[in-house]
Structure formats: C-alpha cells, structure tokens
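Asker: What follows is a predicted protein model with its sequence.
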Amino acid sequence: MWSLFSKDPLKDFGCEILPHVINEPNDQCFWKLSRGKHKVSGKSVTIFSVDTRFGASSTELEYAKTCAKKLKTLRHPSVLQFVDSVETEKFVHLATEECSPLWDYLFMQTDWDDIQKEMSINWGLFHILKGIEFLNRDGNISHNNINMSSIFIASTGEWKLGGVEYTCPATDGMTYPTKILPSLDKYDPPEKNDHRKMRLISKWSADMWGFGCLLWEVFNGKLDNPLSLKNLKKIPKLLQATYCELVSANPSTRPNPSDVIQKNRMTGGYFDDKKVKTLLLLPDIHIMDPTEKSNLFKHISDYISNYPPEVCKFKILPALLNAFEFGNAGSSVVSPLLKIGMLLNEEEYQEKMVPCIIKLFSSNDRETRAKMLQELHQFVPYLSSSVVNDHIFPNIANGFIDSNAYIREMTIKAMLPLAPKLNYKNLDEEVLKHFARLQGRDPEGGIRANTTVCLGKIAPYLHPETRKKVLISAFTRSLKDSFPPTRTAGVLALLASLSFFTLEDAATKVLPSLCASTIDPEKEVRDHVLKVIKIYLTRLEKVSEDPSLKQSYEAKVDSKTVDPSNNSTWTGWALNVFTSKFQKPPGATANGTIGEVKSTVIATEGEETSNTKTESLTYKPNRSNSAAVEDAPNLKVQIESETSGWDCEDWEDGSETSVKEEGYAAQSKMQTGWDDTEWPDLEEDTVNHRKNSSGSTGASKTSSYTETSRDDFVFDSIGSTRNISQERTAVYQKSSLPTDPTKRKPKTGGAMKLGAKKVTMHMD
C-alpha cells in the first residue's frame, strides 16, 4: 500500500534514458552504457548504469556509487565530464557527456584512412597523458585503472579518462587497491606482488605502467598476457624508447607524465606533429594577432582531410565559429569553415553554418566577400530559396557596382549557381538591370564578355516574356563590342539560345546581325559566325521543306520548364578564355589584399602560329544540385588559346582582371526593341565617317584605308598599343578622283582598338 505513495527516483534524474544500448557489462567493465538525452537542454548524453535487479552484485553497486561521487569532483578536459547521477539501494545511473568506448571507436571504424587513424591515436595519447598529469600532479590522485576499457571517446573525438572507481590518494609508499574484476589483474604493475619494490614506488608509478599497457593495446589490440608487453614490433619507433621506460620492472625508473609529454613534444618526438600542434592552438585564437590567426586557419584548411570527422565537426568548427563571431577572424576563416561545413548533415548545416554564411556576405571586407563568391558553389545547395532571396542576394548584388573589377567579375559568375533559387524580382529585374549596365558600360572587356556568357547561361531560368525581350537584344549588341572575346561570346550565346527564339525572330533579327559579323576583323569570330549562320539556315530550310517542324522547333520559346543542359559547354569555354587571358604577370607579388590588378597580354613580332594550342574546353560545375548544369554532349567548341597552362575546369581561380577597352567596334545601329537606356549604345561611327571639306566647294574628296596587322603590335600591361612595323596601306579611290596619290595630303582620323588589332582611318 505504501508503494502507491512512494516517489519515483528517476523523476529527479536530469536525463532521460533511451533504449539504445551502447555496451553491455563485460569481464573488464561492470557498467552498462546507454544513450540518453538531457531533459532541459536536449543534448545527447551517455548513461552508465549498474542495477542489481538485472544481475549486478552489491559490490559492483558500491563501487559504482564511489565512481559517481569521485567523478563529480573532477573537472578537466581530459577527464570524462559529469552531468548528473541518481542512486538508490538497487541501482545507480551516472550521466556523462556523450561518449563511446575506445575499442569500438578505434577498431570498428571502416571509413578511416591510415593518416586519420594515426592522427587520432597521436592526439588521443597526448590527451590521456595530460589527464594523468592532472590527476597525479594537481589532484595528487592515482587512477590505478589505466587501460583500454577505462578510456572513452567524446563527441569531439578527444580521448577521456573514465573508470575512476579505483582512484585513491597518491603518496609515496601507497598500496594498490584490489579490483573486483579478475580480468583487470593483468594490468597491475609487477611490484604489486613484490613487497620489496613497494617502497620504491612513486605517486605516478602505477598510472605510467597502465599507460604503457594502454599504448601496447592501441597498436596491438587487447592484452591477454602481461608477457606480451615485451613485443615491440608494432610500437612506433618514435615511442619505443619511452615505452620501454613505462613498462620497466623498477617503479622508480618510470618517468612522470610531464617528462613524457615534454620529451615527445621536442623536435623529432612522437607528439611533434603539425596537425596536433594546430589543434593545441585552437583555445588561444582570441589572443592571437591577425597574422597568427591567418596562419592557423591556413593550416587547419590544409589538414582538414587528415582529421577524423568528429574532430572537425565538434572540436574545430565551434572554435572557428567563435573566432568569427567574437574574434574578428577576417577572410582567412572562410575556407576552413566551408570545408568543415561539407561534413555536416542538413539539420546541422542549417543550424550552424547558414547564419554564419549570411553574416559573412554582409561583411564590408573585400577579401571576405571575394572568398565567399569563390566558394559559392560549395554551399548554395544547402541554402533555401527564401534565404537566398532575402539575405544572400541583396548583399551579393552590391558587388555589381563595386569599384574593384575582380569583385564585379566574381559577382557576375555567382549568378550561375544562384539563378535556380532566385525569384522573378531578383533574377528578371535586378540581375538583368545590372547585366545591362555591365555589358554596355563596364570598362573591363573581360567583364563585358563574362556578362554575355552568364546571361546565356541563366537564360533557361528567365521568364519566357523576359527572354523574348532581352536575349536577342543583348546578344546582338555584344556583336558590336570592341573586345573580340565579347563578340565571340555573343555569337555562341545566340547558338546556345537557339531554342528560345521563334523562327521569325531568327530570320529577321538574329541572322541579319550575324551576317554583319561575317566581316569581323577577327578570324576566330568570323569562323564562329559562319558556323552559327549555317545552323540557323539549316533549321529554316528544314521548316521550309516541312512546316510541321515549326511547332517542335518553337516548343521551348514559351516554356517555363528549366532544362539548362543544352547551353553549358559553350559557357564553360567562354569563362575560361575570358578570365585566363587576364591573369597577373608571373612576377607580380600578392600583398594579401584585393587591389587594382593590371592585365598583361604580350604578342611578339613574328610570333609563329605553331605556338598556339587548340583545346576543347568544357565547364564542369562542382556542386550537387538538382538544377545544376551538366555538360552538353552535342556542342563542342574548338578555340585557339594564346597561352599554355590554362585551367579548363576551374574558371573561378583564374580571373584576376580584364583588359581595359577605350573604344567600341564600328557597327551600324540596330534597333532591337529593348530599352536603350538600359543597354547603352555601343556604336561609334568611325568606319563610315564623313568629313566635309573646309576648302572650296570644288575640292576633291578621297578616302584611304590603312590596316595594320595584329602581329605588328605589342600590348603593354595597361592595354595600350604601339606600332612595331610599317603600315600596309591600301588606297581605295573612285575613278572620278585624281589617281596620283602624291597630289593628296592625307589627314589622320580616328583610331579604333579591336583587341589584338588596330585600325587607323586616314580621311581626306
């Protein structure tokens, strides 16, 4: 009857015991380990249980109560952290930080490589030594149970000391406690059974012998016989001398933990490892100067693949997030942050990384924004459309008007992975507004080219009405640009967007513009123009023969479904070409900031065409997204590259600057139906320039055309040109004009810069 009014002791226990059992009691550990959850914080914990109702002895119950009492008083990073406990006459439940037995962690891992396992052992042994040092020196306590069964792995990947049920005060000449599990006797030091040597023991003798046993088990497996300790074959050579001292039969010769740590941290020692040293520096991030922080973050980024995933996610990542939030970490923290973020699951990424990404994009530091733009493809798949449109894009859009050319160019390229997630207002209105200005007015030729490329790339994501209004107007205007790669981009964009044009638009708007480009000064542009014209004409011929094909050819004109796979190869080529040509000179030095960078394009007189290299370049985006772009197998673009060693796949890393263009190609003005205030006019009336005579009304008029070959010019580092050979002059005259050129005095007219060619007009 009184049981009805008795209180359930588990109600006062701060943790909930989950049914997931980690480890059952065995011959070396009388605890049952289960998963649990803290009732208030919801954090995962591990429950150590001893219950006489399920087979535990009363002696084990008493030792369990002693363990809970002692663990509650020990606080150290290398000792298992106490959370809560509950005791009754029949059971004990001890809650600690989330952990798992060392044996399961070390020998049951199947996805580790040798480097990760070696690093985990190195880092773990160091932690155990620090824990023993804390107990022996600071706490004046002897653990007396150091072996693999008393070591646990925390969620951070750090090794922690547990099994404190046999601890006792550490004094010289102390006696060793008796263990209740007979299988643990093999870990007892030899002097326990030799009373003559007991007077030689020190307060660390027993624990250092146990550490020697642990070291042997880590590299060999569980110890069955103490005689096996003589086998050194699998012990690393750097540890063999220390190991022999640890398992010495004379307790007075065993080194103390501080000496072992100091000896092995010296140059050439076992703990003299850059990866371990990097982890040891994490707690000191907040007191480092900017240079030290930058070096630390660089090392972390380099070593991430060598660390176990647990160490990256739960040890390094929190330290980086704190440094970013409170320590003014700067741009150097971006790379390791994003790399570790790739190891997180969806829920963890949304909780830890997304707020950090939003804050990074709002930074005023140019280097930080540039780093984020470079790594955009890594984290865009994890961002929701609402986050992109409300928080990410408004900050990225500021890069379109940045005074630094590199930021503007990276912002343009960022639209490729962002386009599938942008809404109508941001993509069809904001992005195109900036693209219109950049394509028509930006002084950097490479940026104008990349704007054309990216517009063609994001075309499938635009609204059909927007495509009808924008694409033809934008691409045909690019055919009039003074920068040859921009014209090439416009030609190929017209080809890639073929399915978005009606046959009427193709015949009345696209083909006339392409035909005007068949006399382009650049042969590469002319070659592409002629090929594209043939494709357009072939389509028109097929429809002329079979009008029923018109419907299938125009099926995608009004389609809102996204199929970007047909326009990927040409854009990959364009981005590589336009950015790789404008890298910093090999002798340039980096000062750590993103400043103004000048381009260098050099062509020597008499340069042989055999030095050029023909390559088929394709763009392969490095991101996992259902709407990601795949290479189109039906479109291969052969290009002529004037430099070797171009990176054909990673176009993000090669774009430093673009050549400044001062004039635009002379082309006839063409109305496209798009507002000219948005896409500024690119024409300069220089070819058909007319100059009235200032003399008498009967004065004769003659025009002469002087063309200088591309090979006869050298481009200096700022894009200006100078003539290095004689001009070849062709004089075109009308029959009604005087035929003697000596009677005419030529006057110098305007000059156009056409990328790699200069045309000088002499007008009479």
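Answerer: Nice, thanks for sending it over.
Asker: that's a strand at Pro177, yeah?
Answerer: No - Pro177 is assigned coil when assessed by DSSP: H, G, I helix; E, B strand; the rest coil, not a strand.
Asker: I'd like the numbering to begin with 43 instead of 1 from here.
Answerer: Okay, residue one is now 43; in that scheme the one you just asked about reads as Pro219.
Asker: what's near enough to touch it?
Answerer: Neighbour list for Pro219: Asn186, Tyr208, Cys210 [criterion: CB atoms under 8 Å, 6 or more residues apart in numbering]. Where C-beta positions appear, they are placed from N, C-alpha and C, glycine not excepted.
Asker: what about the second one, distance to Gly441?
Answerer: I take that to be Tyr208. Plainly put, Tyr208 is 63 Å away from Gly441 if you go by CB to CB, to the nearest Å.
Asker: Equivalent analysis for the last one, please.
Answerer: Using CB to CB, Cys210 is found at 65 Å from Gly441.
Asker: Repeat that for the first one.
Answerer: Between Asn186 and Gly441 the computed distance is 63 Å (CB to CB).
Asker: what's the burial count for the nearest residue in space to Gly252 that is not next to it in sequence?
Answerer: In space, Gly252 comes closest to Ile188 once its chain neighbours are excluded; the distance is 2.8 Å by CB to CB, 6 or more residues apart in numbering. Neighbour count of Ile188, defined by other CB atoms under 10 Å: 27.
Asker: Looks to me like Ile188 is in a helix.
Answerer: No - looking at Ile188 with three-state DSSP, it is coil, so not inside a helix.
Asker: who's in contact with it?
Answerer: Residues in contact with Ile188, defined by CB under 8 Å, 6+ apart, are Ile170, Ile174, Leu203, Tyr229, Asp249, Trp251, Gly252, Phe253, Cys255, Leu256.
Asker: mind showing which ranges of the chain have poor pLDDT?
Answerer: The chain contains residues with pLDDT under 70 at 43-49, 152, 214-215, 369, 603-806.
Asker: any idea which helix is longest in it?
Answerer: In the chain, assigned by DSSP state H, the helix with the most residues is helix 565-587.
Asker: contacts for that helix?
Answerer: 526, 529-530, 533-534, 536-537, 540, 545, 548-549, 552-553, 556-557, 559-562, 591-592, 595, 679, 681-682.
Asker: Pull out the buried residues from those.
Answerer: 526, 529-530, 533-534, 536-537, 540, 545, 548-549, 552-553, 556, 559, 562, 592, 595, 679, 681 (16 or more other CB atoms under 10 Å).
Asker: May I ask you to confirm that Cys57 is in contact with Ala137?
Answerer: Yes - between Cys57 and Ala137 there is a contact under CB atoms under 8 Å: 4.3 Å.
Asker: which of the contacts of Pro219 count as buried?
Answerer: For those, a burial check counting by 16+ other CB under 10 Å picks out Asn186, Tyr208.
Asker: What sits closest to the residue positioned nearest the centre of the chain if chain neighbours are left out?
Answerer: Centroid-nearest residue in the chain: Glu417, 4.6 Å away (criterion: CA atoms, centre = their mean). Excluding its sequence neighbours, the residue lying closest to Glu417 (CB to CB, 6+ apart) is Leu380, at 5.0 Å.
Asker: For the one you found, what are phi and psi?
Answerer: Per-residue torsions, Leu380: phi -70, psi -30 (degrees, to the nearest 10).
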